[in-house]
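Trainee: Kindly return the folded structure for what I paste below:
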Amino acid sequence: MRTLLSRLAAILVAACLLLTGQALAAPERAAAADPGYLMVHFTGEGAANQQMYLSHSTDGLHWNDLNGGGMVLRSTVGTKGVRDPALVRSPDGSKYWIIATDLCISCGQDWNAAINNGSRNLVVWESTDLVTWSDPWLLNVAGAIPDGRNAWAPEAIWNPATNDYVLYWATNVPLDGKTKHRIFYARTSNFRTITTPQLYIDRPGTQEIIDTQIIEVPSGVGNYRYVRASGDGQITLEGSNSVLGTWTKLGDLSGIGLTGSMVEGPMWMKFNGQNKWGLYLDQYATNRGYMPVTTTDPSNPASYQQLASTSYNMGGTKKRHGWILNMTAAEESRVLARWPNTAAQRLQSFNFQDRYVRHTDFDVRIDPDVSPVEDSRFRLRTGLAGTGTVSFESVNMPGYFLRHTNYDFQLVRNDGSSQFAADASFRQVAGLADSTWSSFQSYNYPDRYIRHYAYYLKLDPITTATGRSDATFRVTN
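Mentor: Got it, this is the predicted structure:
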């Protein structure tokens, strides 16, 4: 018995030590990684590339394209192209805005027209969750500027001194018949109305300034609360203790071999959990997109360092002038769930195999030789109505889904309602005419299937061999 009790005691002590060790070690092992970073940007010239794209990073240096590298928002207003976006989060996190240049180069306007007679508007989207965005609207910011010719590269920062946002952008106000971009600002609380624009930054003589972005720096780092980086022939750094106060020139990045003739579009970020910042610069002169430089003090030009090209990766798409947001865990979860890298696919008709489902003027039909082919590409998302269903999101009209109304189909923007979710969700089943293909059963009318009739998509009950053929499709790349 004594031997047995001794063994039991030894086992109990060992178990306690094991549990104690696990309890002590658990916090370190269970500590979650910091949430990552979200970049909003455009990717180049042309109608498709001058839209809104998103990329994600876990460390701020290695980026993955979201949404399969496809656009996430498309402008349907103004020039129908957007560049130079800024992503603004309200102080309480209840609202977000994307503000962007209303500009589409090589799709209806050239640089000369954009500089001298461009849009005076910005394009704005609004969201309450970072994933469901409003329709875009135009905000006229340069119309009240005498002889203002355009509105480019908008940015915004919350100003606690005035309890609203300082919205700032570049406008060409010619000087002696030559181009002269200056930075103007206005105050706003909602990005729908603004105060009268005022001159914010002007450089001497004929020197232009187009791109500038401000970052707030925590107490104890450097001598200034705010630092701004501007593209004005150099990447000039300035400091101030007030957004609308006096700014002091601190220097530039020529000391590390970077000038404004090489890079533009400065884009700030703060590394999570570190006294370290990144400043991304768009290598427009060599057409290579963004590269990062790092610093431990944004206000000290001597502290900036270039990184070896092997120490960062910008992902599959070119990143052009944008904005980086440090996400919360909840924001990151929503963003990654909304824009997974789902492949773009097409729906081929079973009985007219040269024809594919496509949208045209928001109507939906099957056509041969679809042009542009992107009109026939969709992402088969997890159904808006829930698991076990699929929904068809347009590739070139993101946020728009195939939806039935009165048994007819259209491409419609998701309004977030339960009725929309039900109308835009389908069960993918074995093809009614060939089990190796697919048919799509309506979620809210399970006796009806997607089919084509006179080449247009309908939602019908299927009772004949012709109907079964019309309701059968191949999901293909």
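Trainee: what's near enough to touch Tyr304?
Mentor: With contact set as CB atoms under 8 Å, 6 or more residues apart in numbering, Tyr304 has these partners: Leu253, Gly255, Ile256, Leu279, Val293, Thr294, Thr295. In short, each C-beta sits where N, CA and C put it, glycine included.
Trainee: Same question for Ser442.
Mentor: Each residue near Ser442 by CB under 8 Å, 6+ apart is listed here: His404, Phe426, Arg448, Tyr449, Ile450, Leu459.
Trainee: just curious, which of these is nearest to Gln213?
Mentor: Phe426 (43.9 Å; CB to CB).
Trainee: Next one: the closest residue to that closest one other than its chain neighbours from Ile366, what distance?
Mentor: Closest residue in space to Phe426, ignoring its immediate chain neighbours: Phe440 at 4.0 Å, by CB to CB, 6 or more residues apart in numbering. Note on Phe440: its distance to Ile366, by CB to CB, to the nearest Å, is 14 Å.
Trainee: who's more crowded, these two?
Mentor: More neighbours surround Phe440 than the other of Phe440 and Ile366, with 26 against 22 (other CB atoms under 10 Å).
Trainee: I'd assumed the more buried one was in a strand, is it?
Mentor: Yes: remark: Phe440 belongs to a strand, assigned using DSSP: H, G, I helix; E, B strand; the rest coil.
Trainee: What's opposite it in the beta bridge?
Mentor: Phe440 has these beta-bridge partners by DSSP bridges: Gln428.
Trainee: shouldn't it be in contact with Gln428?
Mentor: Yes: applying CB atoms under 8 Å, one finds Phe440 in contact with Gln428, separated by 5.9 Å.
Trainee: Can you pull the residues that touch both of those two?
Mentor: Here Phe440 and Gln428 share the contacting residues Val390, scored by CB under 8 Å, 6+ apart.
Trainee: Would you map the strands across the stretch 1-150 of the chain?
Mentor: In order along the chain, the stretch 1-150 of the chain carries the following strands (DSSP state E, counting those that start in this stretch): 37-42, 53-57, 63-65, 82-89, 96-102, 121-127, 137-140.
Trainee: Then the stretch 351-477 of the chain?
Mentor: Going by DSSP E, counting those that start in this stretch, the stretch 351-477 of the chain shows strands at 355-360, 363-368, 378-382, 390-394, 400-405, 408-413, 426-430, 438-442, 449-453, 456-460, 473-476.
Trainee: for these, which one ends up most surrounded?
Mentor: strand 390-394 (a mean of 24; mean count of other CB atoms under 10 Å).
Trainee: On the three-state scheme, Lys249 is what?
Mentor: strand.
Trainee: returning to what we had before: reformat the contacts of Tyr304 as a markdown table; add neighbour count, pLDDT and secondary structure.
Mentor: What follows is the contacts of Tyr304, written out as a markdown table (neighbours: other CB atoms under 10 Å; pLDDT from 0 to 100; DSSP: H, G, I helix; E, B strand; the rest coil):
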| residue | neighbour count | pLDDT | secondary structure |
| --- | --- | --- | --- |
| Leu253 | 24 | 96 | coil |
| Gly255 | 10 | 93 | helix |
| Ile256 | 13 | 94 | helix |
| Leu279 | 24 | 98 | strand |
| Val293 | 19 | 97 | strand |
| Thr294 | 20 | 98 | strand |
| Thr295 | 22 | 98 | strand |
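Trainee: any idea how far Pro174 is from Pro146?
Mentor: From Pro146 to Pro174 the distance is 11 Å (CB to CB).
Trainee: Who has more neighbours out of those two?
Mentor: Remark: of Pro146 and Pro174, Pro174 carries more neighbours, 14 against 5, as counted by other CB under 10 Å.
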